[in-house]
Structure formats: structure tokens, C-alpha cells
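Trainee: 3D model of this:
(one chain, ligands or ions: 2)
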Amino acid sequence: MLDKKEHLYEKAVLVGLVTQNQSEEKLVEYMDELEFLALTAGATIDKRFIQKLTQQDPKTFIGSGKAQEIRDYVKSNGIGTVIFDDELSPSQLKNLGKEMEDVKILDRTNLILDIFAQRAQTSYARTQVELAQYQYLLPRLSKMWSHLDKQKGGIGMRGPGETEIETDRRIIRDRITLLKDKLKTIDKQMATQRQNRGKMVRVALVGYTNVGKSTLMNAISKSDVFAEDKLFATLDTTVRKVVIGNLPFLLTDTVGFIRKLPTQLVESFKSTLDEVREADLLIHVVDISHESFEDQVNSVNQTLMEINAHQKPMIMVFNKIDAFAYEKKEEDDLTPESRKNISLEEWMKTWMSKSQYPTVFISALNKENFPEMKKMIYDEVLKIHTARFPYNDFLFEYHDEEAEEPGSETSED
Ligand code: GDP
Ligand code: MG
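Mentor: Ligands and ions are numbered 1, 2, ... in the order given. Predicted coordinates:
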């Protein structure tokens, strides 16, 4: 049995599928990400199991033989947790529970919810996560926990699952109604708060998780906030008043987007996304050192479309140029071209010509190309500002007050 301390080092294996719709290459990428999520949640990954199927098995996701193999492996290696790359249906969960007996089975959704639950700081965020957890739990209630020792804690067992395992569905439904009401009330309060911020131009940092949004937020506001350094707390996003040149605006750091996040979850984080929806300008931060950054860009754009925020003015900020890795190919090297053989200069050229938005390449860590980026933000904010206050005879003139001093600010969410 796991005690509290051991949660931190919970040993787990990952399971993923190569299918018609998901190539091996894609799967490796997803599994890397899943491992990262698992680490974030407090697990160490012992092994990955990959199976090729035309499509996922409706009954057991992986097929019975593989399930046995995994069970034998985890049993003989003292591993208590198996994490699946996709969301398992209630019946898949039930059947796998039977196949694997005493093993804790988690899926990607479960894992993401668990991380959000660990990180939620405001009561609003906690309410949202709790709601999403109950919604996930409800159809799986009897199936999920019955084969497990109730005291088994750790990842996926925090939050509602821990205490309410035995309660019946009706109580959970009542709880869901209650949480929804509570959220509605806070939603209204927050809408009012946002209104009270007046007509100041609002800029939101968007981007995939871990691309450096918070680092950039800190770097920009640290060097530029001088009027007031005031925190407007909304969900767990941070809003700061920033001044560039002498042009003030509000800058919001948002939660990171992530692939395979169920739409239902996106909905339950409505207010987080309201900051994005109500922004005048989006700064889309991209981690150019990440192997699949283009995929991440697409997934962020997809989410922006889902919340109807895709037509806003946007600036593309490609971050982490300091960490960009490039393997130059020799003339006689016959291995196929891969993305590793594309230089930063080539990426820059491609994106500059392809992007309909102003585009800049920076390092938030050592503040490389900050003057260029700040000028770009300034120009875009000024456009919006001028349209909003056409009779404002105050003339904005851009000058960069700060001598650039390289720093290495990091942030932790
Ligand atoms: P967020 O999830 O988008 O808010 O990302 P964070 O700001 O929390 O940054 C994620 C990680 O990337 C942290 O470990 C940062 O130190 C690191 N990071 C951020 N910007 C840079 C950069 O320009 N270069 C490098 N090498 N790392 C960076
Ligand atoms: Mg962040």
C-alpha cells in the first residue's frame, strides 16, 4: 500500500497504440508528452508498452493478450499503476480492471485532471477541477474503484475519488449541480471584475504548455511595470498592468493548451478562456526548440477556433532560440532529411513568409531580441488603442527606456 510520501515516486508504466490513425512516430511524441505529464503528477515511468492494432479494441483498448503481458510485468516488478495514452471508455476501464486485478488504471484525461487538481490555487479553479473530476467519474463510478483497495491513494485518487467512492450517483449529480451553480455565481463576479478594468487594451499570452509564457510574462512585466505592479487574480491566470514605451495595457498569462484535452474539460475551464476570448490581442508563444512545435501551434489554433477567438490580431513569438538544436547534414549523408536538419534561419524564413501575423524570434530566458519584440507589441497595442480612443490627443512616441540587460528569469506556475 502506498503511503503519502511514496505517492511522489509512484512507479508506473505507459500504454499506447499505433493505429491506422496514429503512426508510430506520432505515438512516440504523445508518449513523451504522457511521460512528462506523469512526471508532473508525481510518477516515475518504468517502461512503455506499445501495441499495433487497426483501431483500439472497444472492450479492452489494447487486446487481451497485451493486457496479460502488462499485468505480468507490473506484478513481477512491483509497479502499481498503468497509464493509458487515450481516454478509456467506462467499459474499457471495467474490463481492464478485471484483466489486471489489483492494479491502478489511469488514462490521459484522469492524469490531466489530477495535475490540474494539484495545481489549482484559487477556490474558483478548485471548483472547476472538482466539477470536471465528478463529470469524468460519474459514468465510471462503479467500474473504477470496485477492484481497488479504497485506501490506495496517489495519482488519480486525489479529489472526489478519494472520499466519495461509495456514495451513489445521485449524490454526485447533486454535487455537480451545486458546483455548476457556484461557478455561475463566480463567473458573474469575474465578468464584472473584467468590466471594471475599463477600456484598457488587453493582451493575452497563449500557447502550448511549457513554451515559456510565464517566463515571458515575468520578463516583460519585470522590466516594464513601473506604473503599478498590481495583480488581478482571476482563476489561476495572472493579469498585470504593463507599460511599453508609455503605452499601458493589461497582460494576461493563461493556462497552457494541451493536446488530447477533452472538449468537456475545455468547457469547464470556460472562464480561463474568457480571458483569451475577451482579449484584444493575442501573443502566441511557441517553443521552437521543441521537436513537434508545429503540431503544438496547430493544436493551439484549433482551441482558439473552438472558443471563437481565432480572428483576433495576433503576434507570433517563437521562444527558446537559445535551445534550438540543429544537425547540419554532410553532402554525402544519405539519411533522409529530417526536421533536425533545418536550421533556425530556415525556420525563420519559412515562418516569416508563411505567417499572416507579425513574427519574432526570441529567448525569454536571456532576453534575446526583446527590443524587437517589444516594439512589435507596442505597434499592435497602439493600433488598437488608437482605434479605441480616436480623440485622444496624447501622442505616443515609442522609445525603449530600458537598457537591455541580459537576465535569466525563470518562473514556476
Ligand atoms: P509556460 O507553461 O508556457 O508558462 O512555460 P514556463 O514559462 O513555465 O517555462 C517552461 C520551461 O521553459 C521553464 O523551465 C523555463 O525555464 C523554460 N524556458 C522558458 N523560456 C525559455 C527560453 O527562452 N529558453 C530556454 N532554454 N528555456 C526557456
Ligand atoms: Mg505558465
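
Trainee: who in the stretch 101-250 of the chain is up against ligand 1?
Mentor: 207, 209, 210, 211, 212, 213, 214, 215 (Cβ under 6 Å from any ligand atom). Where C-beta positions appear, they are placed from N, C-alpha and C, glycine not excepted.

Trainee: now those in CSV, with neighbour count and distance to ligand 2?
Mentor: Formatted as CSV, these follow (neighbours: other Cβ atoms under 10 Å; distance: Cβ to the ion, whole Å):
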residue, neighbour count, distance to ligand 2
207, 24, 9
209, 20, 7
210, 17, 8
211, 29, 9
212, 26, 8
213, 28, 5
214, 21, 3
215, 22, 8
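
Trainee: quickly check these for the two that are furthest apart.
Mentor: Spanning the widest gap among those are 209 and 215, at 12.7 Å by Cβ to Cβ.

Trainee: what touches both of the two?
Mentor: By Cβ atoms under 8 Å, 6 or more residues apart in numbering, residue 209 and residue 215 have no common neighbours.

Trainee: next secondary structure element downstream of the worst-scoring helix or strand of the chain on mean pLDDT?
Mentor: When the helices and strands of the chain are compared on mean pLDDT, DSSP states H and E, strand 231-234 comes out lowest with a mean of 32. Going down the chain from strand 231-234, the next helix or strand is strand 237-244, by DSSP states H and E.

Trainee: show me how far that following strand is from its chain's centre.
Mentor: Put simply, strand 237-244 sits 21 Å off its chain's centre (Cα atoms, centre = their mean, to the nearest Å).

Trainee: do stretch 45-58 as well
Mentor: Centroid separation between stretch 45-58 and its chain, computed with Cα atoms, centre = their mean, is 24 Å.

Trainee: likewise for stretch 86-101?
Mentor: Centroid displacement of stretch 86-101 relative to its chain, using Cα atoms, centre = their mean, is 26 Å.

Trainee: stretch 113-132 now?
Mentor: The chain centre lies 14 Å from the centre of stretch 113-132; the measure is Cα atoms, centre = their mean.

Trainee: now that stretch: buried residues?
Mentor: Within stretch 113-132, the residues scored as buried using 16 or more other Cβ atoms under 10 Å are 113-117, 120, 124-132.

Trainee: what about that stretch, near ligand 2?
Mentor: No: on the criterion Cβ under 5 Å from the ion, stretch 113-132 is out of touch with ligand 2, staying 10.1 Å away.

Trainee: quote the end-to-end distance of that stretch.
Mentor: Stretch 113-132 has an end-to-end distance of 7 Å (criterion: Cα to Cα, to the nearest Å).

Trainee: stretch 194-206 now?
Mentor: In stretch 194-206, first residue to last residue: 18 Å (Cα to Cα).

Trainee: do that stretch and ligand 2 meet at all?
Mentor: No: contact between stretch 194-206 and ligand 2 is absent, the nearest approach being 8.4 Å (criterion: Cβ under 5 Å from the ion).

Trainee: hmm, residue 108 is touching residue 86, no?
Mentor: Yes: using Cβ atoms under 8 Å, residue 108 is in contact with residue 86, at 6.0 Å.

Trainee: who's more crowded, the two?
Mentor: residue 108 (24 against 19; other Cβ atoms under 10 Å).

Trainee: identify the residues contacting the more buried one.
Mentor: Residue 108 neighbours (Cβ under 8 Å, 6+ apart): 34, 37, 83, 84, 85, 86, 87, 260.

Trainee: at 7 Å what do you get?
Mentor: Residues near residue 108 by Cβ atoms under 7 Å, 6 or more residues apart in numbering: 34, 84, 85, 86, 87, 260.

Trainee: and for residue 308?
Mentor: For residue 308, the contacting residues are residue 277, by Cβ under 7 Å, 6+ apart.

Trainee: now it, what's its secondary structure?
Mentor: The three-state label given to residue 308 by DSSP: H, G, I helix; E, B strand; the rest coil is coil.

Trainee: next one: it from ligand 1, what distance?
Mentor: As judged by Cβ to the nearest ligand atom, to the nearest Å, residue 308 and ligand 1 stand 23 Å apart.

Trainee: same thing with residue 312?
Mentor: 19 Å.

Trainee: hmm, back to that, strands - which of the contacts of residue 108 land there?
Mentor: residue 84 (DSSP state E).

Trainee: which of the contacts of residue 108 are buried?
Mentor: Applying 16+ other Cβ under 10 Å to these flags 34, 84, 85, 86, 87 as buried.

Trainee: give the contact list for the nearest residue to the third one once chain neighbours are set aside.
Mentor: This means residue 85. Using Cβ to Cβ, 6 or more residues apart in numbering and skipping residues adjacent in sequence, the residue nearest residue 85 is residue 16, 3.8 Å away. Going by Cβ under 7 Å, 6+ apart, residue 16 touches 27, 30, 31, 50, 85.

Trainee: need the max-distance pair from the buried residues of stretch 113-132.
Mentor: Longest span within the buried residues of stretch 113-132, Cβ to Cβ: 114 and 124, 18.6 Å.

Trainee: look up the closest residue to residue 221, ignoring the ones flanking it.
Mentor: Excluding its sequence neighbours, the residue lying closest to residue 221 (Cβ to Cβ, 6+ apart) is residue 240, at 4.7 Å.

Trainee: for the protein, just list every one of the strands.
Mentor: So, for the chain - with DSSP E - the strands run 10-18, 43-52, 81-84, 104-107, 202-207, 231-234, 237-244, 247-253, 281-287, 314-319, 359-361.

Trainee: any idea which of these scores lowest on pLDDT?
Mentor: Across the strands of the chain, strand 231-234 has the smallest mean pLDDT, namely a mean of 32.

Trainee: so what's the residue count around residue 323?
Mentor: 13.

Trainee: relative to ligand 1, how far out is the residue of the stretch 1-150 of the chain found nearest ligand 2?
Mentor: When scored by Cβ to the ion, the stretch 1-150 of the chain has residue 119 as its residue closest to ligand 2, at 10.1 Å. From residue 119 over to ligand 1 the distance is 11 Å, taken as Cβ to the nearest ligand atom.

Trainee: fine by me, thanks again.
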